[in-house]
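S.K.: Structure, please.
(chains A and B)
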Amino acid sequence: MSTPQAELTTVSEVALALDSFPVVEPRTYLKVALERMEQFRLGVVCICDAEDTLLGVLTDGDLRRKVLHIQKPFSALFSDDVIIHSVQSATTVAPDSLLTDAVKLMGEKRIWDLPVTTSEGKLVGLLHLHPAIEAVLNQ
Amino acid sequence: MMADRISTICTRLNVPWIYKSCYDKDCRSSPDSFHGIGLEKGLEILSEVRREFGVPVVSDFSVPDWAAATGEVCDLVQVPAYLCRQTTILKAAAATGRPVHLKKGQYMSPWNMKNSVRKLEAAGCYEVLLTDRGTFLGYNMQVNDMTCFPIMAQTGYPVCFDGTHSIQMPTSMGNISGGQREFIPHLVRAATACGINALFMETHDNPPAALSDANTVLDIQYLENILSQAQIVHTTRLEILEKFGEDNVHPPS
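M.R.: Here you go, the predicted structure:
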């Protein structure tokens, strides 16, 4: 059970900083986006414009469904713009949200990552389930 | 002069047109084949056609050093299919500041043309026309895959069908290429129905005497016929889009 202190921890205290997870621009080749995911060893890539506005999110699960569903050669799929295959209405969380609420939300949605966005839709971080759980357990 | 006859036909049909000719053909099958009249003389003729008929002109270039001169005279510059992924050629084409007519090599998939487009964009060119001139080689001839047009159009740039080189049978005559001209109307109708923004054709008033591509050029006596057919099919396609909306049956998901 989490302590009262843990319940006061906010998302921004635990979220990964912008340079610690994959963020690409919409016209990035899908293959390059996957390479960025591999580089950070995360199952998610955020797609942002030049002003850091979050435009879409692509996860390992999205890719798995695409591979099973799309009837086109891999060379064509890999060269698609990543934005084509992203989810453009992804679940996000505000930086000042309580960590425990965010973890509950990830549980309800069965997801591993929550992009952290401002009220203007700017991406400021990523809440990954492992450090989030660790933070909750360490309180 | 061919331009005169083409101009008369296109004016009659109200078809906007661009005059294309090549001053140095660098992909002949044989060392003995006609190689062109050279850059200086060729560009002079293109200038003359431009002035006399008030039409845009285009020529391809095979050597990066020829790009600047070609771009000075021509309204757009063409990158030959064989060289469609050569970075140096693409950079030189972009540096002219002219729109680039980029032909798809038969060794490139339609979706792979995006890489060449990105090279042009990286060099500052954002006006591109993508042309299929026979999608790939098979059965000792060229095979035309009509899906190449919607796929190449996904780059956001207009697409074009080369209706005469597409019926070419590369080097089928030993030291020159052959072709099956009888299929020109079939393929032009098919490509136009599929959805293209421009049509490319080589034409000649005496094909047997043509110094290049004698087996594939369209006899100009048939040009009005083919263009008229393409016009009807294109108009019908636009009507179909109007009635049924964009081609969104089984959209990619």
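S.K.: which phi and psi does A:Val87 have?
M.R.: phi -90, psi 120 (degrees, to the nearest 10).
S.K.: and it, how many neighbours?
M.R.: Applying other C-beta atoms under 10 Å in any protein chain shown, we find 13 residues neighbouring A:Val87. C-beta coordinates here come from the backbone N, C-alpha and C atoms, glycine included.
S.K.: what sits against it?
M.R.: A:56-59, A:62 (C-beta atoms under 8 Å, 6 or more residues apart in numbering or on different chains).
S.K.: what about it, distance to A:Asp62?
M.R.: 6 Å (C-beta to C-beta, to the nearest Å).
S.K.: on that earlier part again, I'd like to know which of the contacts of A:Val87 are part of helices.
M.R.: Members of the contacts of A:Val87 lying in helices (criterion: DSSP state H): A:Asp62.
S.K.: what kind of secondary structure is the closest residue to chain B within chain A in?
M.R.: Across chain A, the shortest distance to chain B (C-beta to the nearest C-beta) belongs to A:Ala76, at 4.2 Å. Following DSSP: H, G, I helix; E, B strand; the rest coil, A:Ala76 is assigned to helix.
S.K.: how many neighbours does it have?
M.R.: 17.
S.K.: Check what pLDDT it gets.
M.R.: Looking at A:Ala76, its pLDDT reads 94.
S.K.: leaving aside the residues next to it on the chain, what's closest to it?
M.R.: Residue nearest to A:Ala76 in three dimensions, not counting chain neighbours: B:Trp111, with 4.2 Å by C-beta to C-beta, 6 or more residues apart in numbering or on different chains.
S.K.: Do you have the helices of the stretch 51-200 of chain B handy? List them.
M.R.: B:67-73, B:87-95, B:113-122, B:148-153, B:184-194 (DSSP state H, counting those that start in this stretch).
S.K.: Redo those helices as JSON lines? Include mean neighbour count and mean pLDDT.
M.R.: Conversion of the helices of the stretch 51-200 of chain B to JSON lines gives the following (neighbours: other C-beta atoms under 10 Å in any protein chain shown; pLDDT from 0 to 100):
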{"stretch": "helix B:67-73", "mean neighbour count": "19", "mean pLDDT": "97"}
{"stretch": "helix B:87-95", "mean neighbour count": "20", "mean pLDDT": "98"}
{"stretch": "helix B:113-122", "mean neighbour count": "19", "mean pLDDT": "98"}
{"stretch": "helix B:148-153", "mean neighbour count": "21", "mean pLDDT": "97"}
{"stretch": "helix B:184-194", "mean neighbour count": "19", "mean pLDDT": "98"}
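S.K.: For residue 79, which residues are in contact?
M.R.: By default, I'm working from chain A. Counting by C-beta under 8 Å, 6+ apart, A:Ser79 has contacts A:29-31, B:111-112, B:114-115.
S.K.: Chain B was what I was after
M.R.: Applying C-beta under 8 Å, 6+ apart, the residues contacting B:Val79 are B:60-61, B:89-90, B:93, B:100-103.
S.K.: and which of these is nearest A:Val14?
M.R.: The nearest member of the contacts of B:Val79 to A:Val14, counting by C-beta to C-beta, is B:Leu90 at 46.7 Å.
S.K.: Stretch B:120-131 near chain A anywhere?
M.R.: No - applying C-beta under 8 Å from any C-beta of the partner chain, one finds stretch B:120-131 separated from chain A by no less than 9.4 Å.
S.K.: which parts of that stretch are buried?
M.R.: For stretch B:120-131, a neighbour-count test (16 or more other C-beta atoms under 10 Å in any protein chain shown) marks B:120-121, B:125, B:128-131 as buried.
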